[in-house]
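[1] Coordinates for the following, if possible.
(chains A, B, C, D, E and F)
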Number of protein chains: 4
Amino acid sequence: MPRISDERRAARRTQILEAAWSCFQKDGLHATSMDDIVRASGLSAGAVYSYFASKEELIFAAVTTSLGALSGLVAAVLEATPPLPPDQLVRRIAALVAEFTARESYDLRRIALLGWAEAQRNERLRETMRGYYAGFRLGLTETAVRWRDSGLLPPDAAPPAVAKLVLATVLGFVVQSALLGDVEPEDLGRGLADLMAGDRP
Amino acid sequence: MPRISDERRAARRTQILEAAWSCFQKDGLHATSMDDIVRASGLSAGAVYSYFASKEELIFAAVTTSLGALSGLVAAVLEATPPLPPDQLVRRIAALVAEFTARESYDLRRIALLGWAEAQRNERLRETMRGYYAGFRLGLTETAVRWRDSGLLPPDAAPPAVAKLVLATVLGFVVQSALLGDVEPEDLGRGLADLMAGDRP
Amino acid sequence: MPRISDERRAARRTQILEAAWSCFQKDGLHATSMDDIVRASGLSAGAVYSYFASKEELIFAAVTTSLGALSGLVAAVLEATPPLPPDQLVRRIAALVAEFTARESYDLRRIALLGWAEAQRNERLRETMRGYYAGFRLGLTETAVRWRDSGLLPPDAAPPAVAKLVLATVLGFVVQSALLGDVEPEDLGRGLADLMAGDRP
Amino acid sequence: MPRISDERRAARRTQILEAAWSCFQKDGLHATSMDDIVRASGLSAGAVYSYFASKEELIFAAVTTSLGALSGLVAAVLEATPPLPPDQLVRRIAALVAEFTARESYDLRRIALLGWAEAQRNERLRETMRGYYAGFRLGLTETAVRWRDSGLLPPDAAPPAVAKLVLATVLGFVVQSALLGDVEPEDLGRGLADLMAGDRP
DNA sequence: GATGAATGAGTCTTCATTCAT
DNA sequence: AATGAATGAAGACTCATTCAT
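    Residues are numbered from 1 along each chain as shown, chains lettered A, B, ... in the order given. You can find the predicted model right below:
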């Protein structure tokens, strides 16, 4: 029987994670010291270490936690029947990202950029992220198949290529909005709709 | 050693920059120590510091140098008359990125991800990158106007939204290809062409 | 290790200060490295830095600590009623300096010389020292007034000038004794008494 | 036959020394880098090193040169016949120090404080300075003998003690004026005269 | 003789992690 | 369980000095 209840443990974990997020967003992953996080969390160093074995573990959790949550929301959108048409799908997913971002002291876009950079030197993180994005793209490929089958795409369309294009668009939304900050989900939807409405090249 | 020739100075700078790139790609910006770069460059610490006043300066140069070069190539593509149609433009720019990446010991995509993460905590870098991407997007907006004027887009299309969509696609290509590694410029072109060939939503 | 007791903290501080004094006296302020002090203190670098935020802070404390203590002793001597006559006062204050100096691993005279040199480039230290010496001189001026009032000085004597002369004598004792090393407090008292016993110029 | 004339060499030496003085006064002996001096001198590093073999050598020369010059002036004052009475002598020597100080970009008082501090860790410098001050004090002792013989001091006065008192006064003038900056040679003379004019203790 | 680029040991400082209390 | 003082390896950067040109 644990000395501390499971809920309390979970609450503490979240408390630490929130502290980590706010520090990471402000200073980046490496310029944030464990002490920064300890102070932001209001706990002691020892306490933090009893929840996360190392800074790497904390980084992993910080980057991965939100990715997992977002992933579930995206999966739900992809499973809609009939599938949302391309422009609406892009708009919708971008909106999910934006809503996530709107949360208290937590900016998914910034965390994503930090995570991508970190993934280059952290194999575990890289593989985990790869898994999420590969799964996401697989879902998009299936959606593209459904678009083709329902006539939204021509019969000779290549679902994998379409999925790659759509994934790129969504990832690029994250980058563009983090760097330039003036992109709305509607812009993406409108832009894609305009392109689809044009003459076939 | 009397005053060194300008070419030699430039060569040394490049030598250091190459060393920095290869270290940064392997270990990230902050996990790379100046000593790593010093050793990789084959010079002494003092020599490196006589070319770049600080690690921050070196990071700035490492991230910025290629962005400038790429920017020029992209601008040339955007100025083609008549403008390349959307799918070909996206394919072409992605191809430029991929070619840049092909260079020895230098991967533009990885450097870009590192740079974006760093830009969050480095104002000077952020503003510089912002300038490049804003200029790029401006060029895309003008291209979208030309597409509309030439009938490739409907008369009521919104060039800024189209530009945002296209920029997102290209930036997302960088991310997707760095993280998943199996995206070719042709995929993007094909995917966009397929979408444009579909029924208008 | 839970919160340490205040006494222990103070003891540690003193331990570091003693280490710093012994190093500074041997090698000077700048030729002493923090590592020298760390080793002399028997603590770790991190521990030393948790007591003094920087080398400058440590220098400030090393120079200032004793000045404060001495200052109190001198003030007590100056407040004696009736005031000590000039030659005895000078002898007495010089003796205070010499006694301070006699302490283990700490030579006030050497620290003073180092502090004066450092004060030239360290504004905070300069202002702090200035405060001490100005206060000391003010006390001497008041004493000179009392000498004049009690007839030890002629009615037209200038107390500020007398105070400057006496302060110079005491400061010069520090210098002379640090550089030549063969001056006793009694010498100063005797010398001044001899001068005062001479024919009026 | 030297490639460069002796005058030119001497001029260069002085040029470097002036540069060193101005740097040392501003930043202290150790916080001044050879590069600071090189730049201030307008010469190249190699050139500076051809005149002074090391930084230590340059420090030694910077501290010693002026001490030697001052020493000659002081000796002349001490040899006056009949000897200046104590208060006038002190005023006169202090005036010499003050005049020396008034020179272009050179402050004898500041250099003296730096030199005293440095002497603690530099044996050669220490011995050289000791020589100067010991010689100065010997001269003062002889002067005190003459004062006693001429009746300015009582027959049982102790010339060595008087010399120590006078030396302390002059050295202390340097300190006080460097730290507090509001002491004039006249103040010392007046203060000593007032003391000598008082009742014998 | 003169130059100033290059060296590399050494400096101050930080910080992830541990463990005595 | 919790604390936070302590560790010490490693980091960024400097600078006295040399020597190829």
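[2] Can you pull the domain assignment for chain A?
    Split into domains by automatic domain parsing, chain A comes to A:1-52, A:59-197.
[3] remind me which residues of chain A are low pLDDT?
    Along chain A, the model assigns pLDDT under 70 to residues A:1-4, A:102-104, A:199-201.
[4] coming back round to it: quick check: which of the domains of chain A is buried the most?
    domain A:59-197 (a mean of 19; mean count of other CB atoms under 10 Å in any protein chain shown). From N, CA and C alone the C-beta is placed, and that goes for glycine too.
[5] and A:Val174, which of the three is it?
    The three-state assignment at A:Val174 reads helix, by DSSP: H, G, I helix; E, B strand; the rest coil.
[6] Is it correct that it is in contact with A:Leu113?
    Yes: contact criterion CB atoms under 8 Å: A:Val174 and A:Leu113 qualify, at 7.4 Å.
[7] Would you reformat the domains of chain A as TSV and include distance to D:Gly72?
    Output for the domains of chain A, formatted as TSV (distance: least, CB to CB, whole Å):
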stretch	distance to D:Gly72
domain A:1-52	60
domain A:59-197	69
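[8] Which one, of those, ends up nearest to chain D?
    The closest of the domains of chain A to chain D is domain A:1-52. By CB to the nearest CB, the value is 28.8 Å.
[9] and that closest one, is it in reach of chain C?
    No: among the residues of domain A:1-52, none lie within reach of chain C under CB under 8 Å from any CB of the partner chain; the closest is 9.7 Å away.
[10] next one: that domain to chain centre, how far?
    21 Å (CA atoms, centre = their mean, to the nearest Å).
[11] do that domain and chain B meet at all?
    Yes: judged by CB under 8 Å from any CB, domain A:1-52 comes into contact with chain B through A:25-31.
[12] now swap in stretch A:130-142 and tell me
    Yes: using CB under 8 Å from any CB, stretch A:130-142 comes into contact with chain B via A:130, A:133-134, A:137.
[13] Now flag whichever of the residues you listed is closest to B:Glu7.
    Using CB to CB, A:Arg130 comes nearest to B:Glu7 of the residues of stretch A:130-142 next to chain B, at 43.3 Å.
[14] Where is the longest helix in chain A?
    Longest helix in chain A, counting residues (DSSP state H): helix A:123-149.
[15] How about it and DNA strand E, touching?
    No: using CB under 7 Å from any atom of the strand, we find that helix A:123-149 stays clear of DNA strand E, coming within 14.0 Å at best.
[16] Please enumerate the helices of chain A.
    Using DSSP H, helices in chain A cover A:6-27, A:34-41, A:45-51, A:55-78, A:86-101, A:108-119, A:123-149, A:159-179, A:185-197.
[17] just checking, what packs against the fifth one?
    This means helix A:86-101. helix A:55-78, helix A:108-119, helix A:159-179, helix A:185-197 (3 or more CB pairs under 8 Å, 6 or more residues apart in numbering or on different chains; DSSP states H and E).
[18] one more time with 10 Å
    Counting contacts by 3 or more CB pairs under 10 Å, 6 or more residues apart in numbering or on different chains; DSSP states H and E, helix A:86-101 is packed against helix A:55-78, helix A:108-119, helix A:123-149, helix A:159-179, helix A:185-197, helix B:159-179, helix B:185-197.
[19] Nearest to A:Ala95 among these would be which one?
    Among these, if distance is taken as CB to CB, the winner is helix A:185-197, at 4.1 Å.
[20] hey, what's in contact with both of A:Val174 and A:Leu113?
    By CB atoms under 10 Å, 6 or more residues apart in numbering or on different chains, A:Val174 and A:Leu113 have these common neighbours: B:116, B:175.
[21] is DNA strand F contacted by stretch A:19-38?
    No: counting by CB under 7 Å from any atom of the strand, DNA strand F is not contacted by stretch A:19-38; separation bottoms out at 7.8 Å.
[22] Skipping adjacent residues, who's closest to the residue nearest in space to the middle of chain A in space?
    When CA atoms, centre = their mean is applied to chain A, the residue found nearest the centroid is A:Leu67 (4.4 Å). Distances taken as CB to CB, 6 or more residues apart in numbering or on different chains place A:Tyr132 nearest to A:Leu67, at 5.3 Å, with adjacent residues excluded.
[23] can I get the helices of chain A in CSV with distance to B:Arg9?
    Below are the helices of chain A laid out as CSV (distance: least, CB to CB, whole Å):
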stretch, distance to B:Arg9
helix A:6-27, 34
helix A:34-41, 40
helix A:45-51, 47
helix A:55-78, 39
helix A:86-101, 45
helix A:108-119, 31
helix A:123-149, 38
helix A:159-179, 32
helix A:185-197, 45
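[24] Of all the helices and strands packed on helix A:86-101, which one is nearest D:Ile93?
    helix A:55-78 (65.5 Å).
[25] orientation of the closest one relative to helix A:108-119 in degrees?
    Orientation of helix A:55-78 against helix A:108-119 (axes from the mean of the first three to the mean of the last three CA atoms, to 10 degrees) gives an angle of 130 degrees.
[26] quick check, helix A:55-78 touching DNA strand F?
    No: judged by CB under 7 Å from any atom of the strand, helix A:55-78 stays clear of DNA strand F, getting no closer than 12.7 Å.
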